[in-house]
Each structure stands twice: as C-alpha cells, then as structure tokens.
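Undergrad: Sequence isn't available, so here's the structure alone:
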C-alpha cells in the first residue's frame, strides 16, 4: 500500500533530507545575489594563512624609492637618476628590470641618457596606466611608449572590500592588447630559461604547459564581478613574508650585494609613505604597489618553473552539490539524541572537517566556498533540532496529557525514554499485553451520599480518592479512571512488560497496593470519625490477564486505557456477592483476586477460596481467592 504524504513527513530521515534541500536552495539563491561574497573572501584570506610555509622567492629583489631617497634626490626623480640606476643594474647582470614609476613627461637632466638606455636594452620593462573609473590613461616614457615588449600596464584590481585578490594578465587598450607589468617581467625571465609560453586554442595562457585559468564573473565565491581583461586569482606566495628589499641610495652607493642583482628580477617602485602607493592584501596586510606586483611575478614564475597549479574553482553545479552535502549533514546532525556535550563534540568535529577539507583543497589549488556551506550546515542543524524538539515537545505533551495524573513521575520518565516504540502516527501504539487490573468501590456509597451536603461530599470523596490514587502510583500502577466512587487502576502499563518476572511483579504490586488501601482506610475512618464525617468500607477486585492497551476516543478527545475480558473480570470480582467476606470497620477493605494473580502472590499472602464466578460467555467459572493477611504479618487485611 502506498504511503501517504503524512507518513513520509513523519519519517525523520526524510524530514532531514527535505530540510537540507530547502536550506541549500535558499542559500544558493542568496549566494547568487553576492550577499555572502564579502564573508567568503575573508574566509579565503584566512585559509591562505594556513598554507604550508614556503620561502620567499629569492629570484626577485625589490628596490624602493624611500623617504630618505626623496630627501636626497628630490621628487620626482630626474631622468639622470633613472639612467644611472639602470646602468648599475645592467652592469651587475640583472636579468629583468621592472620600473613601477610613471614617466609620461621627461624630467631633466638626463632625458637623453634615459632614452638611450631604454632603446638599447631589451630587458627593461616600464609601466603605463591603462586607466580606470578613477584615473585616466598615463603613458609610458616616450622612448618605449606603445612597445608591447617593453611596457606593461600596472593596473591593480580591488575587490569591494578594498583588498587585492585578482590580477590582470592582458588588457585591451584601444585597438591593441597589452601585457600586464608582472606578466611581461615574467615572460622576459622565462625566455632566458627557454620555457615555452603560449595561448592555447581556448585562448588560455599556458606557462610551460600549465593553463592559467581566466576567471569569469562567478568564479569561486565571486558573484557578478567585473572580469574585464584576462584576470586570474592572485595567491601571494609566502605572504606575509617580504622580498629582499633595498633602497635607491643602496643601489647608487654600491651597497647591494652582487648576488642580489645578478641574474635576478629587480623591481623598482615607490616605497615612501608620502607617495601613497599602498595596497591592501589578504588578511589586512598592507604592501606597496611594487611588492604587490612582485608577489604576482613570483606566482607566475612558480607556475612555469615548478608547474604549480594555479587556483581553480569548481563549477556552479558542484558548488551546489557541496552546499547540499553540508546542509544534509547539518540536518541529520539534528537527529543526534545523546547529551549536550556529545552533541557539541560532534558539531565541533564537523566544523573542523569542513575547515580541514577547504584548507587541504586550497593547498591542492582548488577553491571551494566555505561560509555558505557553514551557514547551510548551521541553519539546517538548527532547523532540524528545532523541528524535532518541537515534535518531541508535542509528543511529550500528548503523553503527559494522557498520563500526568495517572502514573508516578518515574513511570512517566521511563515512558518518555521508550517513546519511539510507544507512539504511532495516530497517538499511542495499540498493543496486546499482560497486565493486572484493579477495581475499587465504596460500600453503601449511595446511601451515604444522600445524607451529605454536596460540597462536603465532594471534599470527603476527593480526600479518599487522593489517598488511594497516590497509593496506586506509589506501587507503580496507573490510575485509569474514576467512575463515581470507583477507581480503575492498571499495573503493567503503559510500559509493556517483556518478562514473566515483570508480569509477576505487577500482580504483587497490585495486591500490596490493595493491602495498603486497607491500612490507610483505617486511618481515614479514624480521622473522619473525629470530624463527624461518615466512615466507609470498600471492596477491591484484582485480576491478571491479557488486555488491549491504546488510546481510545475521538479525534478531539482521546484517552489511554485498556479493554478486554481481564477488565470485565476484575470489575466482576469487585462487585461479587457483597455478603461474602463483608468488610468491617477493623478490616475495611475486602480483596478478591483471580487464579493467575493468586499464583504470583501465593507465597506472600495467606488466602482462602471464597467462591466461583461464572462470567458471561464462559463455561468454566473463575475461582475467587480472598487475601487474608501477609505471610510476614506486616499487613493484615481481614480475619
């Protein structure tokens, strides 16, 4: 038979799967808007710090124009200073020279000397600015302007949070395409190593056979990002370490070791705070523009010489799968039913696992979203916990509504612990079990009630019910119902007894409870007599047998009870021939029990057979045993 939607919804694992799917879809939609991009990028920055330590690239030397240099040589630097610096570097055998200084107009003296240096040497790369939304185009020196092999644009990209994470490799300026300053320096260096650099059929840059992927608008965690030109992710090798750095004065005064210049990439740029060439790198690390370019050069050289894989991102389809995985894991975590400490440990392990996987894959040059899966995991887990907590409270409320005034707290607690096997979709699981049913009734109650005022009668009867009900619960029984002055109690429910010893113990507890009825009724009568209230006697019938237990009633009013021949028999035992073993003021409670109950208590109580009871539908009468006294004489019933 096909399951209904309600059946499926009540399956905990399916609920978790549904919660995971819904959460992942919602978060994937939110992620698509770019709302989470800033958090994701900050997480990426933190993961960069967790990479294995590596040595700063010793192929690169940085020479900075510092504040002392400005005071010594003035600002802007003259063309002659540049010419002298370039001559020093060429003399020392520098492989590639990169100048990150604008020189769109000559600055005398020495303009002709600088022009000759630039025209004569092919290993010098000068910058120009390609222009952006804040600043217009700034050309390279006239001697090399427009020469794509000697000039590269120095545009640095910033994310919305002001951090530089993406680098440009190519850019169209007018009708021509130019190399970036870091890429052109790298190409000059690699040419001397005979390392091939080419553009493949998909128009991707390849360095020694390694493809440098061009990022698109939704690369990694980016959403709708401006990806003009050929952009790739910057990885800042060895950050936060700094490159070997010297000043312009060190160069011109011959204070730089020869091994820092010979066959090296030497990059010259502003490193004076007054020149305000600061850039923000991941994790709020501030570096000068020339250092930013140097990190990019180091990254490109590593790709080509070590075949290091550049940072790649999984497709959006796999991104959603990654998010869904963690949403499902979070939702399923909500099913965990151990203690709070164990739950926290499990949650911590999963978070560590997420962090560890992301860092491991980043070290393998794969960039996966972190914040979105973490949010998905957290949200799914809380939704799952909230759902099951709410459902659990509803179930507990239903259970307590049925049992809170009928069983002891210990029984109610145990019942809650085994609730999974106790509840069904329609309430309490109906079950056939062996229980002991007890009925009580007051003798001559109608006559007594006619002579009492209603309020006095109710208070008197409630006092009696309170004492007897507490005794039932104290002996592990359940008060099933009150019927006028009668009480129906059951021993062996609602938690089913699985062993013969458990069934026997219920029978013993029921008889012990009835014995206590007798003792407490003596005390009640004494108190009532002193108050001028009527004294009473009572009859108790106890029978052990098979019953059907479950919730009975309408959808609007349901109660837990038991039905069956055992119930009818116990009731008949209570009302059996009222002239037999009539209770007295000294022994006010008559206790009659059936054969099976007798078998369980025969060694504990002195009994006698008082008659047979032929029940409707039966051909063999039931034997009635009267409980007289406890064998240990601690509770005498009747004599």
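TA: Perfect, thanks for sending it. Since the structure is predicted, the reported quantities are computational estimates derived from the model, not experimental observations.
Undergrad: where does stretch 256-276 sit relative to the chain's centre, distance-wise?
TA: 49 Å (CA atoms, centre = their mean, to the nearest Å).
Undergrad: Let me know whether residue 563 touches residue 546 as I believe.
TA: No - counting by CB atoms under 8 Å, residue 563 stays clear of residue 546, with 10.8 Å between them. Heads up, the C-betas are built off the backbone N, CA and C, glycines and all.
Undergrad: how many neighbours does residue 195 have?
TA: As a burial measure, residue 195 scores 16 neighbours (other CB atoms under 10 Å).
Undergrad: Phi, psi for it please.
TA: Backbone torsions of residue 195, given as degrees, to the nearest 10, read phi -90, psi 120.
Undergrad: Check residue 489 too.
TA: phi -130, psi 150.
Undergrad: Residue 248 too?
TA: According to degrees, to the nearest 10, residue 248 has phi -60, psi -40.
Undergrad: show me what contacts it?
TA: 63, 64, 65, 66, 69, 73, 77, 81, 85, 268 (CB atoms under 8 Å, 6 or more residues apart in numbering).
Undergrad: again, only this time at 10 Å
TA: 63-66, 68-70, 72-73, 77, 81-82, 84-85, 268, 271 (CB atoms under 10 Å, 6 or more residues apart in numbering).
Undergrad: got it, and residue 113?
TA: 79, 80, 82, 83, 84, 86, 87.
Undergrad: If any of these are buried, give me the PyMOL selection for them.
TA: A single PyMOL command selects the buried members of those (16 or more other CB atoms under 10 Å):
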select buried, resi 79+80+82+83+84+86
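Undergrad: which two of the contacts of residue 113 lie the greatest distance from each other?
TA: Across these, no pair lies farther apart than 79 and 87, at 12.4 Å, counting by CB to CB.
Undergrad: Mutual contacts of those two, please.
TA: 113, 117.
Undergrad: For the closest residue to residue 273 other than its chain neighbours, grab the count of nearby residues.
TA: The shortest distance from residue 273 to any non-neighbouring residue, by CB to CB, 6 or more residues apart in numbering, is to residue 67 (6.9 Å). Look at residue 67: counted by other CB under 10 Å, it has 15 neighbours.
Undergrad: what does residue 334 give?
TA: 22.
Undergrad: now do residue 267
TA: Neighbours around residue 267, by other CB under 10 Å: 26.
Undergrad: What are the phi and psi values at it?
TA: Dihedral angles for residue 267 - degrees, to the nearest 10 - are phi -120, psi 130.
Undergrad: And for residue 221?
TA: phi -100, psi 0.
Undergrad: what about it, neighbour count?
TA: Around residue 221 there are 24 residues (other CB under 10 Å).
Undergrad: what residues are up against it?
TA: Residue 221 touches 31, 34, 36-41, 43-44, 313, 319, 367-372, counting by CB under 10 Å, 6+ apart.
Undergrad: Can you give me the buried ones in the host helix or strand of residue 351?
TA: Residue 351 is part of helix 340-363, with elements assigned from DSSP states H and E. For helix 340-363, burial by neighbour count (16+ other CB under 10 Å) applies to 343, 347, 350, 354, 355, 357, 358, 359, 362.
Undergrad: To what extent is residue 584 buried, counted in neighbours?
TA: The number of residues near residue 584, taken as other CB under 10 Å, comes to 11.
Undergrad: Look up how far residue 605 lies from the residue lying closest to it once chain neighbours are set aside.
TA: The shortest distance from residue 584 to any non-neighbouring residue, by CB to CB, 6+ apart, is to residue 537 (6.9 Å). For residue 537, the distance to residue 605 equals 20 Å [CB to CB, to the nearest Å].
Undergrad: Same drill for those two, tell me which one is more crowded.
TA: When residue 537 and residue 605 are compared for neighbours, residue 605 comes out ahead with 23 against 18, by other CB under 10 Å.
Undergrad: distance of the more buried one from residue 590?
TA: For residue 605, the distance to residue 590 - CB to CB - is 14 Å.
Undergrad: Check residue 236 too.
TA: In terms of CB to CB, residue 236 sits 93 Å off from residue 590.
Undergrad: ditto for residue 86
TA: Counting by CB to CB, the gap from residue 86 to residue 590 is 121 Å.
Undergrad: Tell me who's in contact with the residue nearest to residue 301 when sequence neighbours are not counted.
TA: Leaving aside its sequence neighbours, residue 301 sits nearest to residue 186 (CB to CB, 6+ apart; 5.7 Å). Neighbour list for residue 186: 96, 98, 125, 152, 169, 179-180, 195, 197, 207, 265, 296-304 [criterion: CB under 10 Å, 6+ apart].
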